[in-house]
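Student: sequence first, then the predicted structure:
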Amino acid sequence: MTDASWLKSMTNILDSYSDPAVLIDENYTIVATNQLYQHRFGEQQTPQPVKCYAMSHGYHRPCDQEGETCPMHAARESGATSSVLHIHNTPQGKEHVGIETTPVTDEHERRYFIEIMRPIREVSAEPIANKMIGRSKTFNQLVDLIHKVGPTDVNVLLTGASGTGKELAAQAVHKASHRTRKPFVTVECSGLPDSLFESELFGHLRGAFTGATSTRKGLVEAAQGGTLFLDEVGDIPLHQQVKLLRLIETRTYRPVGQTDLREADFRLICATHKNLPEMVEQKLFREDLYHRISTFPIRLPALQERRDDLPLLAASILLRIDATRPLKLTDDALALLSEHPFSGNIRELKNILERAVVLRESNELSKHTVAQALSLSPTHSTTQTNPFLAAAQQRLSLAEVESNYLDALLALHSDKTEVADIAQCSLRTLYRKIKPGD
Ligand SMILES: Nc1ncnc2c1ncn2[C@@H]1O[C@H](COP(=O)(O)OP(=O)(O)OP(=O)(O)O)[C@@H](O)[C@H]1O
């Protein structure tokens, strides 16, 4: 077979994929594209060969030299299909894409790579309303996990502080699953009165208890075929936990007042801001239930851990507040905002921006407006925005402040070299300053 006919047959293979796909040679040059790719990115106009990293990222050198994972690299090393998540430049803006790379060889044993690009639509790298928004490395790691676990049916446990986006993440897992067209039903476990737990979840028959004036469908039935999302699962009282365990183990339930069992078909996602392993130790949460619900745990990062996303998040929240006006933060307003600790995470950012929009003098939200919005914060105090003032008030020694700072850095970054880099000390000094076992 000639080179031209081999390329033609490869193009036919690319055209058989239902996502944009390209064929790349070992020098990162795109040598063939399918119709979906051409439709999405436009046909290659330049006579010069185009490099994949230039086309997808605007880089002048391969992705791994720009601090990103090169999809081709892993496939070349292993000789098998490999997957990575990237953010690509597209005519529609930046987009999260799951890339699957498979090595192939032509008749001269020259190596090529097929790259299939599956857009991840549950999240966005552009400021649009109603989606999980982000572009930072930390956020992309989260998207990668959601994208991988989504299509499976395993139980997912979302952990992380309040306001980090656990509910949005649960919806993204649902949207990435084969159950996406079926219901997504949220059970607010924290607000559920103990006496109503069973009837809310499993439903009840008319006359099953005083006040049950009609037969009512439960939330498990409402989620049939779809996803059941138990928010604040750590708030379920211990004696009710056994009922949940039975439901998960047997996939059957009994509406209150009924003797027959019913079959349940749902994918389970739970979320909590509580430390469940600690609750298990304190005998406040059943260990068997914990193991059942935590098959695939995903920790949502605090806003502090994805500071790079702040401008993008702020822009998308402003769009959500009022899509009809071009609301925008000035550069110094954004700088002031980025100094805030955000213990309430994205929800707190949203509240501050909502206040700033009310207080604004024009569609440009100034530093003064943001300062005013921050000062109206219900939990605002000078010590909250200035942790050093709090440390001074507690009469902490220099060594204690230093140790607290290093503890906080270590909590945010598991890589000690990175911690030493940020603290601008040597790795040896870092090890000397932290206690053994830290
Ligand atoms: N990645 C994100 N992009 C855009 N908005 C987000 C993102 N994550 C969270 N939000 C917004 O932040 C707010 C809080 O999110 P969410 O309710 O999902 O948090 P949570 O972790 O479930 O909080 P809690 O534990 O208090 O229930 C919501 O208004 C949500 O739309």
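Tutor: Received, thanks.
Student: avg pLDDT for stretch 316-336?
Tutor: Mean per-residue pLDDT for stretch 316-336: 90.
Student: list the buried residues in that stretch.
Tutor: Using 16 or more other C-beta atoms under 10 Å as the test for burial, stretch 316-336 gives S316, I317, L318, L319, R320, I321, L327, L329, A333, L334, L336. Yep, even glycine has a C-beta here, placed from its N, CA and C like the rest.
Student: residues in contact with that stretch?
Tutor: 124, 127-131, 133, 310-311, 314-315, 337, 346, 349-350, 353-354, 356-357, 360, 363-367, 369-371, 374 (C-beta atoms under 8 Å, 6 or more residues apart in numbering).
Student: just stretch 202-222 next, same as before
Tutor: 183, 185, 187, 198-201, 228, 247, 253-258, 262, 264, 266.
Student: I figured T29 was touching Y53, is that so?
Tutor: No. Using C-beta atoms under 8 Å, T29 is not in contact with Y53, being 10.5 Å away.
Student: looking at these two, which is more packed in?
Tutor: Y53 (20 against 15; other C-beta atoms under 10 Å).
Student: coming back round to it: take the contacts of stretch 202-222 and keep only those in helices.
Tutor: Counted as lying in helices by DSSP state H, out of the contacts of stretch 202-222, are E198, S199, E200, L201, L247.
Student: format those as TSV; extra columns: pLDDT.
Tutor: Shown next, in TSV, are the ones in helices among the contacts of stretch 202-222 (pLDDT from 0 to 100):
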residue	pLDDT
E198	88
S199	88
E200	90
L201	93
L247	95
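Student: of these, which is the most crowded?
Tutor: Most surrounded of those: other C-beta under 10 Å gives L201, at 25 neighbours.
Student: ok, it - contacts?
Tutor: Counted by C-beta under 8 Å, 6+ apart, L201 has contacts V187, G218, L219, V220, K243, L244, L247, Y253.
Student: tell me the spacing between it and L289.
Tutor: Per C-beta to C-beta, to the nearest Å, L201 is found 14 Å from L289.
Student: in the protein, which residue sits nearest the ligand?
Tutor: Residue nearest to the ligand within the chain: G165 (2.5 Å; C-beta to the nearest ligand atom).
Student: coming back round to it: near the ligand, which of the contacts of stretch 202-222 show up?
Tutor: When C-beta under 6 Å from any ligand atom is applied, no member of the contacts of stretch 202-222 is adjacent to the ligand.
Student: just the ones in strands from these, please.
Tutor: Among the contacts of stretch 202-222, the subset assigned to strands under DSSP state E consists of V185, V187, L228, Y253, R262.
Student: between these, which sits nearest D235?
Tutor: V187 (10.8 Å; C-beta to C-beta).
Student: give me the low-pLDDT residue ranges for the stretch 251-400 of the chain?
Tutor: The stretch 251-400 of the chain contains residues with pLDDT under 70 at 379-386, 389-395.
Student: cutoff 50 now
Tutor: For the stretch 251-400 of the chain, the stretches with pLDDT under 50 are 382-383.
Student: quick check: residues of it near the ligand?
Tutor: H273, L313, S316, I346, R347, K350.
Student: correct me if wrong: the first one contacts A161.
Tutor: Yes. Distance between H273 and A161: 5.6 Å, which falls inside the contact criterion (C-beta under 8 Å).
Student: leaving aside the residues next to it on the chain, what's closest to T417?
Tutor: Setting aside the residues directly before and after it, T417 is nearest to L427 in space (C-beta to C-beta, 6 or more residues apart in numbering), at 6.1 Å.
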